[in-house]
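Q: one predicted model, sequence on top.
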Amino acid sequence: MVFNGTYPNLATSAPHPHPAAPAEIKARFSEFVKKIEASTKISSAVPASTGALRDFWEAPERLWKQDIEEAEIDAILSGGASLH
């Protein structure tokens, strides 16, 4: 199968409703975009001192860095079949 069309440039295209969206959704789409942009600005402005972590590696190492034994790796890679 060969694709003969073009892909949209997502980096430069503005948000818009799907062409097949119901008229009600199309009419209120700009309101939806404003709400999303406002919530994004609020969530990105959360100071780090709240105790919330943005990435797992910001947590203490004891919570995320663990030594894994070779047998455990084999069990994971075999889907558990190596346990029997």
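A: Yep, that arrived. Numbers count the residues shown, from 1 in each chain.
Q: do a quick rundown of the helices in this protein.
A: In the chain, the helices defined using DSSP state H lie at 23-27, 29-44, 61-64, 70-77.
Q: what distance do you get for residue 80 to residue 71?
A: Using CB to CB, to the nearest Å, we find residue 80 at a distance of 12 Å from residue 71. The C-beta positions use only the backbone N, C-alpha and C, and glycine is treated the same way.
Q: follow-up on the earlier one: okay, the helices of the chain in TSV with mean neighbour count, mean pLDDT and distance to residue 6 next?
A: Shown next, in TSV, are the helices of the chain (neighbours: other CB atoms under 10 Å; pLDDT from 0 to 100; distance: least, CB to CB, whole Å):
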stretch	mean neighbour count	mean pLDDT	distance to residue 6
helix 23-27	11	92	24
helix 29-44	10	80	24
helix 61-64	9	80	43
helix 70-77	11	87	40
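Q: who wins for proximity to residue 16 among the ones you listed?
A: helix 29-44 (7.0 Å; CB to CB).
Q: the closest one packs against which elements?
A: Counting contacts by 3 or more CB pairs under 8 Å, 6 or more residues apart in numbering; DSSP states H and E, helix 29-44 packs against no other helix or strand.
Q: can you list contacts of it?
A: The contact list for helix 29-44 (CB atoms under 8 Å, 6 or more residues apart in numbering) reads 15, 16, 17, 21.
Q: then that helix to PDB, C-alphas only?
A: In PDB, the C-alpha atoms belonging to helix 29-44 read as follows (Å, rounded to 0.1, in the frame of the first residue of the first chain):
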ATOM      1  CA  PHE A  29     -14.300  24.600  20.100                       C
ATOM      2  CA  SER A  30     -12.600  28.000  20.700                       C
ATOM      3  CA  GLU A  31     -14.100  28.000  24.300                       C
ATOM      4  CA  PHE A  32     -12.600  24.500  24.800                       C
ATOM      5  CA  VAL A  33      -9.200  25.600  23.600                       C
ATOM      6  CA  LYS A  34      -9.200  28.600  25.900                       C
ATOM      7  CA  LYS A  35     -10.000  26.300  28.900                       C
ATOM      8  CA  ILE A  36      -7.200  23.900  28.000                       C
ATOM      9  CA  GLU A  37      -4.700  26.700  27.500                       C
ATOM     10  CA  ALA A  38      -5.700  28.200  30.900                       C
ATOM     11  CA  SER A  39      -5.300  24.900  32.700                       C
ATOM     12  CA  THR A  40      -1.900  24.200  31.100                       C
ATOM     13  CA  LYS A  41      -0.700  27.600  32.300                       C
ATOM     14  CA  ILE A  42      -1.900  26.900  35.800                       C
ATOM     15  CA  SER A  43      -0.400  23.400  36.100                       C
ATOM     16  CA  SER A  44       2.900  24.500  34.700                       C
END
